[in-house]
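K.L.:
dropping a prediction and its sequence here:
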Amino acid sequence: MVVSAGRLIGIALVGAALGGILWVVGLALEFCIAVALIVVMLGVLWLCRPSAEELTWPDRELERPAGRRDDVSRLGWSLRPQRSGIGDAGIKRVRELARVRLERRSLDLDDAGDETEIARLLGPHARRVLRPGADPAPSLAHINAVLDRLSTLTKKENS
């Protein structure tokens, strides 16, 4: 916000008027000057405050490279059980992990032809965990079983 000279003069006049009124009422001159200066100071501070448009926070979820240190803790927090099972954020993170691990074996989560091979590799609960909109939502035990299978896939690849 641009501070104009007119606004500064207006604040000074309000401070002087208030100090003058207090002096006329009978207060000490030093007290009236102090009150006038405090009013002017508060008015100038009010004019210099940032506007709401200037207080926007940067978007935290910009491009995040995979494998950051907080990935494990973010996955853990997103897997907290809710009333109807695990929430969408947790399922989404597990799907992303499974997609990356299965692509190493040339398998696609969205391809119906790879469904039997994915079920063989990840177990009987893989379809319920990895399909979006599964009803009812998968439990934490089912997700843990799929995550265990995904980790064994990685261990076999690294051996």
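P.N.:
In hand now; what should we look at? Residues are numbered from 1 along each chain as shown.

K.L.:
so where do the helices sit in this structure?
P.N.:
Along the chain, the stretches classed as helices by DSSP state H are 5-25, 29-47, 71-78, 88-103, 115-122, 126-130, 140-158.

K.L.:
mean pLDDT lowest where, among the ones you listed?
P.N.:
Ranked by mean pLDDT, those end with helix 71-78 at the bottom, a mean of 70.

K.L.:
next one: that helix to chain centre, how far?
P.N.:
Once both centres are worked out by Cα atoms, centre = their mean, to the nearest Å, helix 71-78 turns out to sit 14 Å from its chain's centre.

K.L.:
now the helices of the chain in TSV, with distance to residue 109 and mean neighbour count?
P.N.:
All C-beta atoms are positioned from the backbone trio N, CA, C, and that covers glycine. TSV is the format used below for the helices of the chain (distance: least, Cβ to Cβ, whole Å; neighbours: other Cβ atoms under 10 Å):
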stretch	distance to residue 109	mean neighbour count
helix 5-25	61	14
helix 29-47	56	14
helix 71-78	17	13
helix 88-103	5	17
helix 115-122	7	16
helix 126-130	6	21
helix 140-158	12	14
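
K.L.:
model confidence for the residue located most distally from the centre of the chain, exactly?
P.N.:
For the chain, the largest distance from the centre (Cα atoms, centre = their mean) belongs to residue 26, which lies 56.6 Å off. Reported pLDDT at residue 26 in the predicted model: 93.
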